[in-house]
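Student: Sequence first, predicted model second:
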Amino acid sequence: MEPENPGGNVEWDLFGNPVEPLRDRRGRPSFAKSKENQDFVAVRAAAGWTHGMIAEAIGCDEKTLRKHFSRELKQGALIVEGDCLDVLYRKVRQGHVPSVRQLREAIGGVAPPAPRSNSSADPEEDGAEVPIGKKEQRLRDAQDVPADWGDIEDRRRTH
């Protein structure tokens, strides 16, 4: 016979006792990833900190750091640079004049060069030498027959 359950949210075990949550959770608590932690790791990675230094500062193991923050560790500089540009752009939209100059300097050298009207899609048509790889060069060299190849063939047959 099951005891009365006035609230309806208590579970009972096989002996009729209420099931209570474990008070002593075994093992290390799982690491909680948050937006603040992601920003923290991205900034430190962009500043050149080692994985060990970042892991110690955030309070986790290096393996846990790599597991949860691989994107921030690899692309920290890009993330921070993008955030800086976002803040700068918001200041420009508000009319902050010094930010306009800083933003123009930041994106000035990044824009792709203008296309040239006399260049074609194929560099060989322009007369430019197209670089080839080692394997391609070896294949081309193998196709070149030396002028004295007959002498080499005669020497091979006599021995």
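Tutor: Structure's in. What do you need? Numbers count the residues shown, from 1 in each chain.
Student: List the contacts of Tyr89.
Tutor: Contacts for Tyr89 were tallied using Cβ atoms under 8 Å, 6 or more residues apart in numbering; they are Leu103. (C-beta placed from N, C-alpha, C; glycine too.)
Student: Same question for Val10.
Tutor: When contacts are counted by Cβ under 8 Å, 6+ apart, Val10 touches Pro18, Val19.
Student: What's the local residue count around Gly27?
Tutor: Applying the criterion other Cβ atoms under 10 Å, we find 5 residues in the vicinity of Gly27.
Student: Show the pLDDT at it.
Tutor: Per-residue confidence (pLDDT) for Gly27: 72.
Student: what's the spacing between it and His68?
Tutor: Spatial separation of Gly27 from His68 under the definition Cβ to Cβ, to the nearest Å is 17 Å.
Student: try Gly108
Tutor: Counting by Cβ to Cβ, the gap between Gly108 and His68 amounts to 36 Å.
Student: Distance check, Pro131 against Asp144.
Tutor: Separation of Pro131 from Asp144 (Cβ to Cβ): 19 Å.
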